[in-house]
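Undergrad: Have a look at this fold, sequence not included:
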């Protein structure tokens with residue numbers, strides 16, 4: 001269809017397609033690797049452990065911590081998975097101690113990480129969408145942030161309260 005619509009040679013369409021996919025793929029892999037290294041650095045510095053110890057020491061704040069921790073970490077790294085895995089590996093098994101079910105706390109962490117990634121100017125999807133639209137990733141984030149904050153509040157109300 002692309003060949004017919006653009007009236008170009010199939011080899012040229014294929015070449016442009018793979019050039020575009022290669023660039024997008026390289027950007028995404030770079031972000032994932034960078035996010036993983038960043039989270040590993042935060043772990044090595046002990047910052048993640050300090051935050052999680054704070055949550056464990058203050059069970060009444062567990063829902064807020066399980067919401068805001070992965071959310072902000074995802075915004076900083078551009079990867080919701082890195083933040084979600086980090087928090088789920090360390091604090092979800094303490095959910096009963098905090099008066100939450102493991103399912104609700106795990107879901108809260110994963111959804112908060114995904115919402116944070118959606119608001120991150122470093123996220124692969126934001127970079128690709130901004131490239132297609134020929135705008136900055138900050139412009140994309142400006143468009144998504146209000147809805148994502150509402151989603152974060154909704155997720156917290158449903159799963160943590």
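TA: Perfect, thanks for sending it. Just so it is clear, the model here is predicted, and its values are computed rather than measured.

Undergrad: moving C-terminal of the longest helix anywhere in the chain, what's the next helix or strand?
TA: Longest helix of the chain, by residue count under DSSP state H: helix 10-45. Going down the chain from helix 10-45, the next helix or strand is helix 47-57, by DSSP states H and E.

Undergrad: Buried ones in that next one, by neighbour count?
TA: 48, 51, 52, 55 (16 or more other C-beta atoms under 10 Å). All C-beta spots, glycine's among them, are computed from the backbone N, C-alpha and C.

Undergrad: Quick one: residues contacting the first one.
TA: To tie it back to what came earlier, the one meant is residue 48. Counting by C-beta atoms under 8 Å, 6 or more residues apart in numbering, residue 48 touches 39, 42, 86, 90.

Undergrad: Name the nearest residue to residue 9, sequence neighbours excluded.
TA: residue 3 (7.5 Å; C-beta to C-beta, 6 or more residues apart in numbering).

Undergrad: Low-confidence regions, the protein specifically.
TA: For the chain, the stretches flagged by pLDDT under 70 are 24, 27-28, 31.

Undergrad: Return the list of helices and strands in contact with the helix or strand hosting residue 113.
TA: Secondary structure from DSSP H and E places residue 113 in helix 102-118. Contacts defined by 3 or more C-beta pairs under 8 Å, 6 or more residues apart in numbering; DSSP states H and E place helix 102-118 against helix 62-77, helix 80-91, helix 124-133, helix 137-160.

Undergrad: so which of these comes closest to residue 16?
TA: helix 124-133 (13.9 Å; C-beta to C-beta).

Undergrad: so how far is that closest one from its chain's centroid?
TA: 15 Å (C-alpha atoms, centre = their mean, to the nearest Å).

Undergrad: Residue 94 contacts residue 58, doesn't it?
TA: No - contact between residue 94 and residue 58 fails when scored by C-beta atoms under 8 Å: they sit 11.9 Å apart.

Undergrad: circling back to that earlier point, which strands or helices does the longest helix of the chain pack on?
TA: Looks like helix 10-45 contacts helix 2-6, helix 47-57, helix 62-77, helix 80-91, helix 124-133 (3+ C-beta pairs under 8 Å, 6+ apart).

Undergrad: could these go into JSON lines alongside distance to residue 33?
TA: Shown next, in JSON lines, are the helices and strands packed on helix 10-45 (distance: least, C-beta to C-beta, whole Å):
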{"stretch": "helix 2-6", "distance to residue 33": "31"}
{"stretch": "helix 47-57", "distance to residue 33": "18"}
{"stretch": "helix 62-77", "distance to residue 33": "11"}
{"stretch": "helix 80-91", "distance to residue 33": "10"}
{"stretch": "helix 124-133", "distance to residue 33": "11"}
